[in-house]
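Undergrad: I need the structure of the sequence given here:
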Amino acid sequence: KVFHILAKSHKMTIFLNAPVATTIGDLKAQALTGLVQFAKTDEDADMPFPAQENDAIPKVTSVGEFELCRARRERGQIVEFEILDTKSTIRDTLKNWEIIYFKFRNAAGACLLFQVLMTRFSP
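TA: A predicted model of the protein is given here:
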């Protein structure tokens, strides 16, 4: 069985697909390939309206530069993000179509603060 997981940051969502026996560490490696596509590049400096520094997707080159997290909710609101254990399997940790979140690390290795905006759609 294959699970479909949505990995979100403050600016993008990456769709990940993996068998349920896959570890979170292997899922991070798959997410890294998606993150590389969205990272700020030197070409972004030529844009007429540059994004604010905190709006950019950090440039990552290894799985050690970010964590995958699950949101813990109370009364429908996200109250904190739990970092997922890289040795756990998807089967033991996540549900199919679950939304997880990126938490990026700075050069010193500390997790950066971030805000995820949730948009509600109404018909």
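
Undergrad: hang on, N17 is in a strand, isn't it?
TA: Yes. Judged by DSSP: H, G, I helix; E, B strand; the rest coil, N17 forms part of a strand.

Undergrad: how much space is there between it and R70?
TA: Counting by C-beta to C-beta, to the nearest Å, the gap from N17 to R70 is 18 Å. All C-beta spots, glycine's among them, are computed from the backbone N, C-alpha and C.

Undergrad: Show me what counts as buried in the longest strand that the chain contains.
TA: Longest strand of the chain, by residue count under DSSP state E: strand 66-74. Buried positions in strand 66-74, judged by neighbour count with 16 or more other C-beta atoms under 10 Å: 66-71.

Undergrad: pLDDT-wise, which helix or strand of the chain ranks last?
TA: strand 77-83 (a mean of 88; mean pLDDT, DSSP states H and E).

Undergrad: what does that strand contact?
TA: 67-73, 101, 103, 111, 116, 118 (C-beta atoms under 8 Å, 6 or more residues apart in numbering).

Undergrad: List the pairing partners of that strand within its sheet, with orientation.
TA: As defined by DSSP bridges, the strand partners of strand 77-83 come to strand 66-74 (antiparallel).

Undergrad: mind checking how far the most centrally placed residue in the chain is from R75?
TA: Nearest residue to the geometric centre of the chain (C-alpha atoms, centre = their mean): F102, 2.5 Å. According to C-beta to C-beta, F102 and R75 sit 24 Å apart.

Undergrad: Where does Q30 sit: helix, strand or coil?
TA: Relying on three-state DSSP, one would call Q30 helix.
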